[in-house]
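Q: 3D, please:
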Amino acid sequence: MSTHAGADGCALLLGDALPPGDDCRVDARTLLRDWLSGARVTLTAYDGLHVAIAVRGRDVAIGGDLLGLVPIVHAAAGPVRLAGSSSALFARHPLFDDVLDVRGLFGHLLTGGPFDGRTLRSGVTRLGAGMLLRWSGTAPPWETSHYRAPPAGIDDSLDFESAIERYDAALHAAVRRHAAVHASVSLLLSGGRDSRLLAGYALRDRPLAQAFTLGAPSDHDAACAARVAHTLRVSHRSHDVPFATFPRHADRSIRHELLSGGMSNVHAWEGVDQLAGIGGGLLSGYLLEIRQIAPVPQTIRGMLDWTHAHAMTPAQLRGLVRPHLRPLVDETAEAVARQLNDVGVDFAAGECSNERSWRWFLATNARFHAGAVPWRYAAAAWPVLPILDQALLRTMQATPPAWQDSRRLQDAVLRRRFPALARLPLDRNADDVRPLAPTVMYRLREMLHRAVGPRRGLAVERRYYARMYDFDNPGWQLIRTSAEAGREPMAEWFDRDALARVLPAAGQSAAHADPIANGFAPKLLTGLMRALVLGEVHA
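A: Residues are numbered from 1 along each chain as shown. Sure, this is the predicted structure:
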């Protein structure tokens, strides 16, 4: 944390704000000068996860990281301006009228997050990604552009070998400079590609204090992570999330985020508790793959369908709400389609039409789903996210998308730079953990396994996210039980019978075919019911 107070103004800066190309953090005084230089705003965008406020006279500027992962919400309460990382305390202000924004609720149910910045609290707006919040005196606040990801795929002369070299250099540089500002660095280690890549790069320059994995030792994710840590000789600890903790973590999500994180990843709060007090930096691969695996439907209709599949379709929501609210559902759905259509695509710079889908994904699902998790860990150790690096983002954007699809570029770098890690089992959220570069012995074991056939006996779910996301697991059943008292007040907006079909009562099975892909909408609705019970939302 850095603070400044003087004749030139005051500022508060939390986290890592690194000037592009620089290896040192800026301090609060420098940020004040950069953001509020007299009557002109210079709009310097910094790398790293951070949030800051600068005040000079009657002028105020509030902003955060490049992708808007740190939640910044703001509202007016009479003559008072409110801003924070959560609206929870807004509701306690004597001048704030705490009323549900029904259109904001429908935006959440259609897109999985606060569409167009509208939260569940009426009058509370979430600052847009890449935006800076400004106001002066009693004038209404406004948002001004702070950062926009560069155009994609513009370097057609780049061959694949050169792309590997560029990505390798850019990712190593990002890991080195973001980790260097911390006296000690730990690692959130999964069994997948991203965190083992980061571990390899980090260990080129410094030791890692420890590696931590959420999950049971029998999970593919934790088992693969343990092999990586052993190979790299890094102290490693895994911890399974007790289902009994789910209700407490759900309440934390509701109170702090009020459904903006989608509710699916409430289990991730357990990692915050387990790492409490470690301090330093916490290196994480969150969102490192956004260019590698992002959905790219080339039509607006295709991307809308993808978005609603991770929340609710307009038809589903229309059939769920009471008749008088259906026009509002239609209006909100039309606004979602218009906003997607209006996403800027720089055709003159060489961007193709499906870049619209990627930018939409970056500003919505990536930001509010996986992107909601890193900020939580700040209570234990400051998240170190190499993806929040303008040079790395430029490198990724300049690489033709076809070379990054299905992680082709990442896999090539992993095989070339860290062959020992490429030979280890790899978690893919599936029962297939085949290494990227299997050894002869691994191939022989595969052949033997196919010849003998699968073992008989009771099947054990070894996919970590399938266990955690399952809406019928014991933890979610406990959350659903704690939320049931909020079902009747939901009749203010939803038809009782239709709600029962989408959201079965606690103790009943939802029978979702895919525990990872299904369940987004019922979890949002469960979160709303629990918010009613907690008094965070009022019917």
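Q: going forward, measure contacts between C-alpha atoms and count neighbours the same way
A: OK.
Q: how about the closest residue to A337 other than its chain neighbours, secondary structure?
A: Among residues not flanking A337 along the chain, L304 sits closest, at 7.0 Å (C-alpha to C-alpha, 6 or more residues apart in numbering). Secondary structure, DSSP: H, G, I helix; E, B strand; the rest coil: L304 is helix.
Q: residues near L304, how many?
A: The local packing of L304 (other C-alpha atoms under 10 Å) involves 21 other residues.
Q: can you read off the pLDDT for it?
A: With respect to pLDDT, L304 has a value of 90.
Q: surely it is in contact with R338?
A: No. Counting by C-alpha atoms under 8 Å, L304 does not reach R338; the two are 10.5 Å apart.
Q: which stretches in the stretch 151-300 of the chain count as strands?
A: 185-188, 211-214, 236-239, 281-283 (DSSP state E, counting those that start in this stretch).
Q: tell me which of these lies nearest to H220.
A: Closest to H220 of those is strand 211-214 (C-alpha to C-alpha; 11.3 Å).
Q: for the closest one, which outside residues touch it?
A: 186-190, 222, 225, 229, 234-241, 271 (C-alpha atoms under 8 Å, 6 or more residues apart in numbering).
Q: kindly recompute the last result at 6 Å.
A: S186, L187, L188, L189, S190, H236, R237, S238, H239, D240 (C-alpha atoms under 6 Å, 6 or more residues apart in numbering).
Q: so which of the residues you listed is surrounded by the most neighbours?
A: L189 leads these on contacts (other C-alpha under 10 Å) with 30 neighbours.
Q: tell me the contacts of it?
A: Neighbours of L189 in contact, by C-alpha under 6 Å, 6+ apart: S195, A211, F212, T213.
Q: so what touches the lowest-mean-pLDDT helix or strand in the chain?
A: Of all helical and strand segments in the chain, the minimum by mean pLDDT, DSSP states H and E falls on helix 290-293, at a mean of 75. Under the contact criterion C-alpha under 6 Å, 6+ apart, helix 290-293 has outside partners Q404, D405, S406, R407.
Q: try 8 Å
A: Contacts for helix 290-293 (C-alpha under 8 Å, 6+ apart): W358, L362, A366, M396, Q397, P401, Q404, D405, S406, R407, R408, Q410.
Q: phi, psi of A11?
A: phi -160, psi 150 (degrees, to the nearest 10).
Q: that one contacts A54, doesn't it?
A: Yes. In this structure, A11 is within contact of A54 by C-alpha under 8 Å, at 4.3 Å.
Q: need the residues touching each of these two.
A: L31, L32.
Q: tell me which of the contacts of helix 290-293 has the lowest pLDDT.
A: P401 (79).
Q: how near is that one to I290?
A: With distances taken as C-alpha to C-alpha, to the nearest Å, P401 is found 11 Å from I290.
Q: so what's A391 closest to, chain neighbours aside?
A: Nearest in space to A391, with sequence neighbours left out and distances taken as C-alpha to C-alpha, 6+ apart, is A170 at 6.9 Å.
Q: in the chain, which spans are strands?
A: Secondary structure of the chain (DSSP state E): strands at 2-6, 9-15, 50-56, 59-64, 73-77, 80-84, 125-126, 131-136, 142-145, 185-188, 211-214, 236-239, 281-283, 382-384.
Q: out of the strands of the stretch 151-300 of the chain, nearest to G112?
A: G112 lies closest, by C-alpha to C-alpha, to one member of these: strand 211-214, at 24.1 Å.
Q: sheet partners, orientation included, of the closest one?
A: When pairing is defined by DSSP bridges, strand 211-214 lines up against strand 185-188 (parallel), strand 236-239 (parallel).
Q: could I get these as a markdown table with mean pLDDT?
A: Compiled in a markdown table, these are given as follows (pLDDT from 0 to 100):
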| stretch | mean pLDDT |
| --- | --- |
| strand 185-188 | 98 |
| strand 236-239 | 97 |
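Q: give me the below-cutoff pLDDT ranges for the stretch 1-150 of the chain.
A: 38-42 (pLDDT under 70).
Q: let's see that with 90 instead.
A: Scanning the stretch 1-150 of the chain with the threshold set as pLDDT under 90 gives 21-23, 36-44, 78-79, 137-140, 146, 148-150.
Q: need the helices for the stretch 301-450 of the chain, in chain order.
A: Assigned by DSSP state H, counting those that start in this stretch, the stretch 301-450 of the chain shows helices spanning 314-320, 326-342, 355-363, 365-368, 373-377, 390-398, 401-404, 408-417, 419-422, 440-452.
Q: which of those sits closest to D34?
A: helix 390-398 (17.5 Å).
Q: next, the angle helix 408-417 makes with the closest one.
A: Orientation of helix 390-398 against helix 408-417 (axes from the mean of the first three to the mean of the last three C-alpha atoms, to 10 degrees) gives an angle of 120 degrees.
Q: identify the residues contacting helix 390-398?
A: 20-21, 47, 149-155, 166-167, 170-171, 174, 291, 386-387.
Q: derive a PyMOL selection command for the buried subset of these.
A: In PyMOL syntax, the buried subset of these is picked out as below (16 or more other C-alpha atoms under 10 Å):
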select buried, resi 47+150+151+152+153+154+166+167+170+171+174+291+386+387
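Q: of the contacts of helix 390-398, which belong to helices?
A: R166, Y167, A170, L171, A174, R291 (DSSP state H).
Q: show me which pair in these is furthest apart.
A: Counting by C-alpha to C-alpha, the most remote pair of the ones in helices among the contacts of helix 390-398 is A174 and R291, 16.0 Å apart.
Q: contacting residues for R467?
A: E461, N473, P515.
Q: next, the contact list for the last one, please.
A: Applying C-alpha under 8 Å, 6+ apart, we find P515 in contact with A466, R467, Y469, D470, F471.
Q: which positions in stretch 5-25 come out as buried?
A: Counting neighbours by 16+ other C-alpha under 10 Å, stretch 5-25 gives 8-19, 23, 25 as buried.
Q: distance of M303 relative to L36?
A: For M303 relative to L36 (C-alpha to C-alpha), the value is 38 Å.
Q: got it, and Y464?
A: According to C-alpha to C-alpha, Y464 stands 46 Å off from L36.
Q: between its first and last residues, how far does stretch 276-289 reach?
A: 27 Å.
Q: surely D240 and G215 touch.
A: Yes. Using C-alpha under 8 Å, D240 makes contact with G215 at a distance of 4.1 Å.
Q: residues in contact with stretch 303-320?
A: Among residues not part of stretch 303-320, those counted as contacts by C-alpha under 8 Å, 6+ apart are 108-112, 295-297, 326, 329-330, 333, 337, 357, 365, 494-495, 498-499, 517-518, 520-521.
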